[in-house]
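Peer 1: Need coordinates for the following:
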Amino acid sequence: MPLLWLSVLIVALSAAGFILARQRALASAGGDTRQLHSLPVYYGSNAFMKSVFPAFGLMFLWLLAQPLVLDNRVAGMIPETEISEGSNMGLVMSEVRRTADGLERAVASGAMDEGIATDGNADTAAITKQLKDAGQVVTADISRPVLNAAQAYRGMSAVSNIAMSIVVFLVAVAGAAWGVMESGRDFRARNVVEQGILAILIAAASVAILTTIGIILSLIFNTVEFFRLYPAADFFTLLEWAPSFSGRGGASSLGILPLLWGTIYISIVALLVAVPIGLFSAVYLSEYASPRVRGIAKPLLEILAGIPTIVYGLFALLTIGPMLMSVFGSDGAGWMGGGRSVMTAGIAMGIMLIPFVSSLSDDIINAVPQSLRDGSYGLGATRSETIRQVVLPAALPGIVGAILLAASRAIGETMIVVLGAGAAARLSLNPFEAMTTVTAKIVSQLTGDSDFASPEALVAFALGITLFVLTLCLNIFALYIVRKYREQYE
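Peer 2: As a prediction, this is how the structure comes out:
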């Protein structure tokens, strides 16, 4: 049964349980709601919650566990001879899953007979041709062991889906029946429902934590798999980034240092543009501008934050790059060889970051107590002296947070880098040369020709966890600065 229809059936059963439980509660009190411990809606909600949440929870856990169980069972069907040099079981299982999915789609679209899809003696070349004709991505002829494993995987997946539908349906029915049977006059339905809602709120509040843990674990597991296939020492020490995808020949050189240097270099240029302009504009809007000017200028400044990054990338490519070429290109000092460079992407990214620094710094400066300003004026300080020596130091922790947000945004940017900085991974101090960043290469590695379980694809996770550690260190440093100066000015 498709998941959509199963979900609709669960909700319908839960709704029926709601109605029956409410009616049963009213009947137990002779229709007089004053004889009930709780309002009738609580009895219905109790039955609804005991039906819908266990059913959907079981479905979610089943769908999470099913691929792991099937992979473990099907992996035993793959002979050792199928794992060639330079390959591993992960690569083979990836091909098995892809083939099984192709068989399912081909049968569903009518491009392939069910009998052919399940025939253990079917011609592998004919199966490969039919899958290609059906629009499935098949990189090479399917081998006999892979086809047999894919057919078994598809069959076990279908059986598992049917079993899941039956079990989830029975759980929904049992939960609704339990809620209906409890709906007596003296049942404390309100207390049970409120405890259930509290559990839901706790679960919702835990989503951010669990999501973070899930992201970290997925990065760690795939990074460990990458380092099983590629030496960690080479990844962190090589000065060359030259991936070689399957079919192109040669060995890959996957050194992160050129990408890390490009990420840091472009981010520094962006912050050198965004921080002074954003901070000066925040000081002007909060301390000097009239209410009318502030009411016009601040919304216009914040419009920059709503512009899509692809637009900034096009602006860098079509405007900033040619402008820099006219000044620093081959006709001038000859420092800039093309329109794509660190300066091109850095300037565009800095313009994008201005509202992050300006808006947050403006709010933080306005939060500084007026009594500090009045005390400074009372001691004879001018407005500029008060801003430099009182307001900005008091607002420094928040300003550091705003700069950190801008730095994190710069480190994680992709489209501006792709269009403005190019794709060259190199170590250079020349800001007018093309470079690239970690995020740009994560995208390119996951959308290349390589299999998802190959080193050239798994390296994206190693790049991601490196970027995660980098931003974590930035957060720790910013927290240290914030705590140090907060103690001084509170």
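Peer 1: what's the distance between the residue nearest the centre of the chain and residue 2?
Peer 2: When CA atoms, centre = their mean is applied to the chain, the residue found nearest the centroid is residue 215 (8.0 Å). According to CB to CB, to the nearest Å, residue 215 and residue 2 sit 29 Å apart. Yep, even glycine has a C-beta here, placed from its N, CA and C like the rest.
Peer 1: same thing with residue 52?
Peer 2: 18 Å.
Peer 1: Ramachandran angles for residue 242?
Peer 2: phi -140, psi 80 (degrees, to the nearest 10).
Peer 1: how about it, what does it touch?
Peer 2: 252-253 (CB atoms under 8 Å, 6 or more residues apart in numbering).
Peer 1: For it, name its beta-bridge partners.
Peer 2: Beta-bridge pairing for residue 242 (DSSP bridges): residue 253.
Peer 1: Roughly how far does it sit from residue 234?
Peer 2: From residue 242 to residue 234 the distance is 12 Å (CB to CB).
Peer 1: Could you do residue 366 as well?
Peer 2: From residue 366 to residue 234 the distance is 51 Å (CB to CB).
Peer 1: what mean pLDDT does the helix or strand hosting residue 419 have?
Peer 2: When elements are assigned from DSSP states H and E, residue 419 belongs to helix 415-420. Taken as a whole, helix 415-420 has an average pLDDT of 84.
Peer 1: now swap in stretch 95-113 and tell me
Peer 2: Rounded mean pLDDT across stretch 95-113 is 66.
Peer 1: Next: stretch 59-73.
Peer 2: 84.
Peer 1: Buried residues, that stretch. List them.
Peer 2: 59, 62, 66, 70-71 (16 or more other CB atoms under 10 Å).
Peer 1: now that stretch, how far from the centre of its chain.
Peer 2: Its chain's average C-alpha position is 22 Å from that of stretch 59-73, according to CA atoms, centre = their mean, to the nearest Å.
Peer 1: just the CA coordinates of that stretch, formatted as PDB?
Peer 2: This file holds the C-alpha atoms of stretch 59-73, laid out as PDB (Å, rounded to 0.1, in the frame of the first residue of the first chain):
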ATOM      1  CA  MET A  59       5.900   3.600  10.400                       C
ATOM      2  CA  PHE A  60       8.800   6.100  10.700                       C
ATOM      3  CA  LEU A  61      11.000   3.600  12.600                       C
ATOM      4  CA  TRP A  62      10.200   0.800  10.100                       C
ATOM      5  CA  LEU A  63      11.100   3.000   7.200                       C
ATOM      6  CA  LEU A  64      14.400   3.900   8.900                       C
ATOM      7  CA  ALA A  65      15.300   0.300   9.700                       C
ATOM      8  CA  GLN A  66      14.100  -1.400   6.500                       C
ATOM      9  CA  PRO A  67      17.100  -0.300   4.200                       C
ATOM     10  CA  LEU A  68      19.600  -1.400   6.800                       C
ATOM     11  CA  VAL A  69      18.000  -4.800   7.300                       C
ATOM     12  CA  LEU A  70      17.600  -5.400   3.500                       C
ATOM     13  CA  ASP A  71      21.200  -4.300   2.800                       C
ATOM     14  CA  ASN A  72      22.500  -6.700   5.400                       C
ATOM     15  CA  ARG A  73      20.500  -9.700   4.000                       C
END
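Peer 1: List of residues touching that stretch?
Peer 2: By CB under 8 Å, 6+ apart, stretch 59-73 touches 3, 6-7, 10, 93, 97, 153, 156-157, 160, 164, 167-168.
Peer 1: Can you add secondary structure, neighbour count and distance to residue 316 and give these back as JSON lines?
Peer 2: As requested, those are exported to JSON lines (DSSP: H, G, I helix; E, B strand; the rest coil; neighbours: other CB atoms under 10 Å; distance: CB to CB, whole Å):
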{"residue": "3", "secondary structure": "helix", "neighbour count": "13", "distance to residue 316": "43"}
{"residue": "6", "secondary structure": "helix", "neighbour count": "19", "distance to residue 316": "48"}
{"residue": "7", "secondary structure": "helix", "neighbour count": "16", "distance to residue 316": "45"}
{"residue": "10", "secondary structure": "helix", "neighbour count": "24", "distance to residue 316": "50"}
{"residue": "93", "secondary structure": "helix", "neighbour count": "21", "distance to residue 316": "42"}
{"residue": "97", "secondary structure": "helix", "neighbour count": "20", "distance to residue 316": "40"}
{"residue": "153", "secondary structure": "helix", "neighbour count": "24", "distance to residue 316": "46"}
{"residue": "156", "secondary structure": "helix", "neighbour count": "16", "distance to residue 316": "51"}
{"residue": "157", "secondary structure": "helix", "neighbour count": "18", "distance to residue 316": "46"}
{"residue": "160", "secondary structure": "helix", "neighbour count": "17", "distance to residue 316": "49"}
{"residue": "164", "secondary structure": "helix", "neighbour count": "18", "distance to residue 316": "49"}
{"residue": "167", "secondary structure": "helix", "neighbour count": "14", "distance to residue 316": "54"}
{"residue": "168", "secondary structure": "helix", "neighbour count": "23", "distance to residue 316": "51"}
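Peer 1: Among those, pick out the one closest to residue 285, please.
Peer 2: Among these, residue 7 lies closest to residue 285 (CB to CB), at 49.7 Å.
Peer 1: so who does the closest one touch?
Peer 2: 56, 59.
Peer 1: quick one: low-confidence parts of this structure?
Peer 2: 1, 79-92, 102-144, 245-250, 329-338, 448-453, 482, 485-490 (pLDDT under 70).
Peer 1: domain assignment for it?
Peer 2: 3-205, 253-489 (automatic domain parsing).
Peer 1: circling back to that earlier point, check which helix or strand the residue nearest to the centre of the chain maps to.
Peer 2: Assigned by DSSP H and E, residue 215 falls in helix 207-229.
Peer 1: If you count contacts, what does the helix or strand where residue 148 lies end up packed against?
Peer 2: Element membership for residue 148, per DSSP H and E: helix 144-182. Where contact means 3 or more CB pairs under 8 Å, 6 or more residues apart in numbering; DSSP states H and E, helix 144-182 is packed against helix 3-28, helix 40-75, helix 89-109, helix 114-118, helix 124-133.
Peer 1: same for the helix or strand just after that helix, what does it pack against?
Peer 2: Remark: after helix 144-182, the chain's next helix or strand is helix 189-205, criterion DSSP H and E. Under the contact definition 3+ CB pairs under 8 Å, 6+ apart, helix 189-205 sits against helix 40-75.
Peer 1: Determine the angle, from 0 to 180 degrees, between the helix it packs on and helix 144-182.
Peer 2: 160 degrees (axes from the mean of the first three to the mean of the last three CA atoms, to 10 degrees).
Peer 1: just the helices in the stretch 351-490 of the chain please.
Peer 2: Ranges of helices within the stretch 351-490 of the chain are 370-378, 383-386, 392-411, 415-420, 438-446, 455-489, based on DSSP state H, counting those that start in this stretch.
Peer 1: one step back: pull out the buried residues from the helix holding residue 419.
Peer 2: In helix 415-420, counting by 16+ other CB under 10 Å, buried: 415-420.
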